[in-house]
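> Pasting the sequence and the predicted coordinates here, then a few questions.
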Amino acid sequence: QVQVEESGGGLVQAGGSLRLSCTASVRTFTSYTIAWFRQAPGKNREFVAGITWNSDRTNYADSVKGRFSISRDNAKNTVYLQMNRLNAEETAVYLCTLAPVRWSEAPTQDIYYTYWGQGTQVTVSS
């Protein structure tokens, strides 16, 4: 059974930074394309950032480009999301998800992903 666990969320002031981490209990971490999504209360889940199995390609939602950075450490079965210059509208539960496919680019639609964590709450105060 695959377990995905996020950490690193919390309360931060607008303009501040957080780094989220995601670990997965899979045998071959390099078999997975990984992404971060977020879901705010009353809103649909939205793609934030994705990374290919070997980190050769990353992609981002337009709203976070230049402020967020996704990376992975395959030796540690861990993916990171560095978030800078956060704003209050980005308050949400941030979810890590894995797709057991080596996509050439991380899909932005959640239907392509198989394993999901419970999420970590990020609250940005204005």
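Yes, it's here.
> Spatially central residue for the protein, please.
By Cα atoms, centre = their mean, the chain has its centre lying nearest to Trp36, at 2.1 Å.
> That one touches Ala92, doesn't it?
No - counting by Cβ atoms under 8 Å, Trp36 stays clear of Ala92, with 10.6 Å between them. C-betas here are computed from N, CA, C, even on glycine.
> which outside residues touch the helix or strand hosting the residue nearest to the centre of the chain?
Using DSSP states H and E, Trp36 sits in strand 33-39. Strand 33-39 is contacted from outside by 20, 22, 24, 45-53, 70, 72, 79, 81, 90, 92-99, 101-103, 106-108, 110, 113, 119, 122, using Cβ atoms under 8 Å, 6 or more residues apart in numbering.
> Quick check: mean pLDDT of it?
Taken as a whole, strand 33-39 has an average pLDDT of 98.
> Likewise for stretch 69-77?
Averaging pLDDT along stretch 69-77 gives 97.
> can you tell me which of the contacts of strand 33-39 are in strands?
Judged by DSSP state E, the contacts of strand 33-39 include 20, 22, 24, 46-51, 70, 72, 79, 81, 92-99, 122 as members of strands.
> Thr52 contacts Val101, doesn't it?
No - taking contacts as Cβ under 8 Å, Thr52 lies outside contact range of Val101: 10.2 Å.
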